[in-house]
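S.K.: sequence first, then the predicted structure:
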Amino acid sequence: MEASMPKMRQQVARQLNLWLQMRPVPPEKGNKYTDKILSGEHDDWVFQLAESFRSQSQDLFASSDDAEGNSSDEIQLPDTATLLLAEDVKELTEINALRKGNARISKDAKDVAARLSTDRKQANTTDQKIEFVAVVQPYPPCIVPLNDLKKIKLADLTEETHHRGSALIVKRHDTFLPVMVTTVGAVEDEEGEVEDIELHLASAYAGEHVLSQGQWFAIKEPYFTIRRDNVTTIRVDHPSDIVPINRNDPRDYKSAMQWKDTGNSFFSSKELRKAREAYLAALSAAGETEQPLKMATLRNLARVDLELGRYDKACEEALASVSDANDSTVARSHVTAYYRAARASYLLGNYEKAAKSFRELLKVDSSDADGKRELERAEARLAERDTGHYNFDKLTATSLRDPRLDAATYASRVVVDQSEIGGRGLFAAQAFETGDLVLCEKAYCTTFASDKGSFLAWKLYNGKLSTASSVSSFWKQTVLKLSNNPSTLEKVTTLEGDYAGIGTKHIVADNMTVVDAFQIHSATERNTFGIPTPVKGQKTKAFGYTAENVSKKPLGDNVGLFPTAAMTNHSCVPNTRKIFIGDLLLLRATRPITKGEEIVHAYVQTKAGVQARRQLLESTWHFRCSCKLCLAQEQESGERNKHRDMLSKRVGELAKVVSNGSAGERELAEAEALIKRVKSLYEQDVYEDLPRTAPLPLQVALAQHRLRRGQSAKGIAVLTDLFDMLGWSFSLNNSKVALSRKEGCETDLVPDVVETLVRLSATQRKSGKSSQADHLENVARRLYLGLNGVPNGWDQLLKSKA
Ligand SMILES: C[S@@+](CC[C@H](N)C(=O)[O-])C[C@H]1O[C@@H](n2cnc3c(N)ncnc32)[C@H](O)[C@@H]1O
């Protein structure tokens, strides 16, 4: 419906207002934009925005009640509106450049506190507001120990400067505003000067907020910058750039035993960071003669570190607490120590080491029930790792309750090597048949939208604002996991990214592992996988677990890092397909693969046209795909392509009529003619064995129709033709079924093809051709496995078509 210009301005302004309320745009800026729109000064924006909103299916011209609700699953981003933010960023960059090197202007402590209090109030009232994270120009973390840095005061800071070689010693001033992404607060130095501080992602230290205490801490090589609201602030991005400082008061003197008791009471009240510090104090206060006390403290420390997810340390401390394994007087404490060490190894995915510690435990007490049970569990993981045999039924059912599964990675059938496609790639260490399990990998780190600590954030990166997602939450979690478990660093630091950062170096400064947050950001941008959310009730549904078949929860996504799968390069004609079960990623062969062949999967769906695929691949992964399908589709004349697109609509309409059984002879004849017409629009010498999917929906419908009517010969003819279009060669003689494929393809229509095969098998069985029916069923099952990942649902599918 046409709207008059003033009405359109009003509608766009209203929609923009709604949009801005959800975004990191200060209200006064938002008003500025809507005022401009209403004044008619910027009708160019009005048209662009109207188009943006329209293309997001937010009906701009609906009644005001309808327009309030955004019912789409994800919050989408109208491109034009991001320009408004980009304008802000440009302005800020210019301000920063102008003010760079200016001396810091002293702040009034009361003003700072008042501003923070307003921010806090605002944050409490605008519960709808989604957080915002700005990824600034990367800068390296400090790798110098605090003692080697020159101590400076707040008065020494200069604007827009990284103070390399220096450290600020400060303590918290006033309360702070801890939010998921960025913690905003103020700090005070020894001179009583006060300054704003922003901790980006780096807020957690040993599981608790670094600012949670009134204690002193050092900010190593502080970055003093200017925020978007023009306020100066100290910005911290790397967790190891903040170091808590123990300023012991002589009045606080405690004996080792007292420190240990203090640690125990902190542990009871779940104050884990404090418990940890008290135990560390106990260890340094303990004298040579207090060996048993030291061992007991180490065991307690291991327990705290286990809870904090610091598994490397927990394992080390627990094993160090075993003084003399043959000393029967302390047998019980050795059982505890081995148990904690083993659990830590298990949680790191190091099942071999876990099993070893559980065995040591059983040597001390062979009747220990927990030890026996856990050893069995570790051995079960080792069996999965070695054989690739999993209880997929159980895992799938469990994943609906808790997506983090107790399962090991099976990766012995693949190797990483240099690839001709690009960089490193994954290669087959053995030959595979269609449906074979190529890789089953447990995620290194995941964020599920349903996680308690997961959050949504808009991300400003490289001057662009991206759709609000949980990816920032995942970034934070990965940085934390790496800082806590340095033995796993290379799982992420060896991944490809745009920013090399500190590379694969393992640097420890001031007892903290240095993790370059920007490097991890870059690696996760390029290498993470989106994980679909399984929907309850789909357990028995065929193809219930493929990425395309499950719906996402609104507002948030699931993200995971699978370091081995991340080595897999892309192809639009892949030889594997990825399927997720909870936090497990499976790659199944979708066609026979020879030993040594590169394993590829499709990063984007093939059904998107070549231009759409190119754009996605280039914007996210920065490469131009030169697979056979892209090359073929590039060669093809645009006219043929357009013509096919035009006919696709009718293909879809007719497919519906044929599958719902309402097609008469006229429609069936039209269907056959249309399939022929669409087929002829593919140039045979360009496509050869490549998939040509345009007539597929109608072919599937027609084949099923023929089979339903008992016209097997006609059904088989359509099916053979259909396979040919998919790049397969299909032949059926009296007792044998042969199906082979040179090029693979990702299409969500293949499940229908499997169903058609199952139907054909049932038809042949009914007419007494049981051997052929068995062969058909077998072929269909392999295809099903390749598509579905797990056998779940297969029996139901068979029954439904019988
Ligand atoms: C997830 S990683 C795959 C592993 C990567 N090749 C490596 O060496 O770490 C994705 C990156 O691999 C490269 N890549 C993947 N598929 C490609 C393809 N078909 N052609 C060219 N480069 C590709 C691109 O650089 C892309 O950003």
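M.R.: Arrived safely. Residues are numbered from 1 along each chain as shown.
S.K.: ok, now which ones touch the residue in the stretch 201-350 of the chain that the ligand sits nearest to?
M.R.: The nearest approach of the stretch 201-350 of the chain to the ligand comes at residue 349, 20.5 Å away (C-beta to the nearest ligand atom). All C-beta spots, glycine's among them, are computed from the backbone N, C-alpha and C. By C-beta atoms under 8 Å, 6 or more residues apart in numbering, residue 349 lies in contact with 408-409, 442.
S.K.: and the gap between it and residue 520?
M.R.: Here the criterion is C-beta to C-beta, to the nearest Å. By it, residue 349 lies 19 Å from residue 520.
S.K.: rebuild the contacts of residue 349 as CSV, extending it with neighbour count.
M.R.: Formatted as CSV, these follow (neighbours: other C-beta atoms under 10 Å):
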residue, neighbour count
408, 22
409, 23
442, 24
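S.K.: residue 290 against residue 256, yeah?
M.R.: Yes. Using C-beta atoms under 8 Å, residue 290 is in contact with residue 256, at 5.6 Å.
S.K.: just to revisit the earlier point, okay if I get the contacts of residue 349 as CSV plus pLDDT and distance to residue 322?
M.R.: Shown next, in CSV, are the contacts of residue 349 (pLDDT from 0 to 100; distance: C-beta to C-beta, whole Å):
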residue, pLDDT, distance to residue 322
408, 98, 26
409, 98, 29
442, 98, 29
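S.K.: where strands are concerned, which of these count?
M.R.: residue 442 (DSSP state E).
S.K.: please list the residues of the stretch 501-650 of the chain that sit near the ligand.
M.R.: 526-527, 566-567, 569-571, 621-623, 625 (C-beta under 6 Å from any ligand atom).
S.K.: out of those residues, who's the most crowded?
M.R.: residue 571 (26 neighbours; other C-beta atoms under 10 Å).
S.K.: touching, it and residue 625? I think so.
M.R.: Yes. Here residue 571 reaches residue 625: they are 7.4 Å apart, a contact under C-beta under 8 Å.
S.K.: which residue sits closest to residue 774, ignoring its sequence neighbours?
M.R.: Using C-beta to C-beta, 6 or more residues apart in numbering and skipping the chain neighbours, the partner closest in space to residue 774 is residue 761 (7.8 Å).
S.K.: the one you found and the ligand, how far apart?
M.R.: Distance from residue 761 to the ligand, counting by C-beta to the nearest ligand atom, to the nearest Å: 36 Å.
S.K.: in what helix or strand does that residue lie?
M.R.: For residue 761, the enclosing helix or strand under DSSP states H and E is helix 750-766.
S.K.: any idea how far the most centrally placed residue in the chain is from the ligand?
M.R.: Taking C-alpha atoms, centre = their mean, the centroid of the chain lies closest to residue 559, which sits 1.9 Å from it. Distance, residue 559 to the ligand, by C-beta to the nearest ligand atom: 14 Å.
S.K.: three-state assignment of that residue?
M.R.: Here residue 559 is recorded as strand under DSSP: H, G, I helix; E, B strand; the rest coil.
S.K.: tally of neighbours for residue 646?
M.R.: 10.
S.K.: can you name the residues in contact with the helix or strand where it lies?
M.R.: Applying DSSP H and E as the criterion places residue 646 in helix 638-659. For helix 638-659, the external contacting residues (C-beta under 8 Å, 6+ apart) are 609, 633, 663, 667-668, 670-671, 674, 677-678, 681-683, 694-695, 697-698, 700-702, 704-705.
S.K.: could I have the buried ones of these as PyMOL selection syntax?
M.R.: In PyMOL, this line selects whichever of the contacts of helix 638-659 come out buried by 16 or more other C-beta atoms under 10 Å:
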select buried, resi 633+663+668+670+671+674+678+681+682+694+695+697+698+700+701+702+704+705
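S.K.: from the contacts of helix 638-659, which land in helices?
M.R.: Applying DSSP state H to these, the entries found in helices are 633, 667-668, 670-671, 674, 677-678, 697-698, 700-702, 704-705.
S.K.: just those now: which is nearest the ligand?
M.R.: Closest to the ligand, out of all of these and judged by C-beta to the nearest ligand atom, is residue 633, at 14.6 Å.
S.K.: any chance of the backbone angles for residue 601?
M.R.: phi -130, psi 170 (degrees, to the nearest 10).
S.K.: meant to ask about residue 346
M.R.: The phi and psi torsions at residue 346 (degrees, to the nearest 10) take the values phi -60, psi -50.
S.K.: count the residues that sit near the closest residue to it other than its chain neighbours.
M.R.: Of all residues not flanking residue 346 in the chain, residue 354 sits nearest, at 4.0 Å (C-beta to C-beta, 6+ apart). Counted with other C-beta under 10 Å, the neighbours of residue 354 add up to 26.
S.K.: quick one: residues contacting residue 354.
M.R.: 342-343, 345-346, 374, 378.
S.K.: switch the cut-off to 10 Å
M.R.: By C-beta atoms under 10 Å, 6 or more residues apart in numbering, residue 354 lies in contact with 315, 341-348, 374-375, 377-379, 381-382.
S.K.: same thing with residue 336?
M.R.: 296, 299-300, 302-303, 318, 321-322, 330, 361.
S.K.: how about a cut-off of 6 Å?
M.R.: By C-beta atoms under 6 Å, 6 or more residues apart in numbering, residue 336 lies in contact with residue 299.
S.K.: are we agreed that it is in a helix?
M.R.: Yes. Per three-state DSSP, residue 336 lies within a helix segment.
S.K.: and it, how far from residue 369?
M.R.: To residue 369, residue 336 is 14 Å away according to C-beta to C-beta.
S.K.: give me the contacts around stretch 762-776.
M.R.: Under C-beta under 6 Å, 6+ apart, the answer for stretch 762-776 is 707, 712, 735, 737, 757, 760-761, 801-802.
S.K.: list the buried ones in the helix holding residue 646?
M.R.: Of the residues in helix 638-659, those buried by neighbour count under the rule 16+ other C-beta under 10 Å are 641, 643-644, 647-648, 651, 654-655, 657-659.
S.K.: what would the residues of the stretch 501-650 of the chain next to the ligand look like in a markdown table with pLDDT?
M.R.: Formatted as a markdown table, these follow (pLDDT from 0 to 100):
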| residue | pLDDT |
| --- | --- |
| 526 | 89 |
| 527 | 94 |
| 566 | 97 |
| 567 | 98 |
| 569 | 97 |
| 570 | 95 |
| 571 | 94 |
| 621 | 89 |
| 622 | 90 |
| 623 | 93 |
| 625 | 93 |
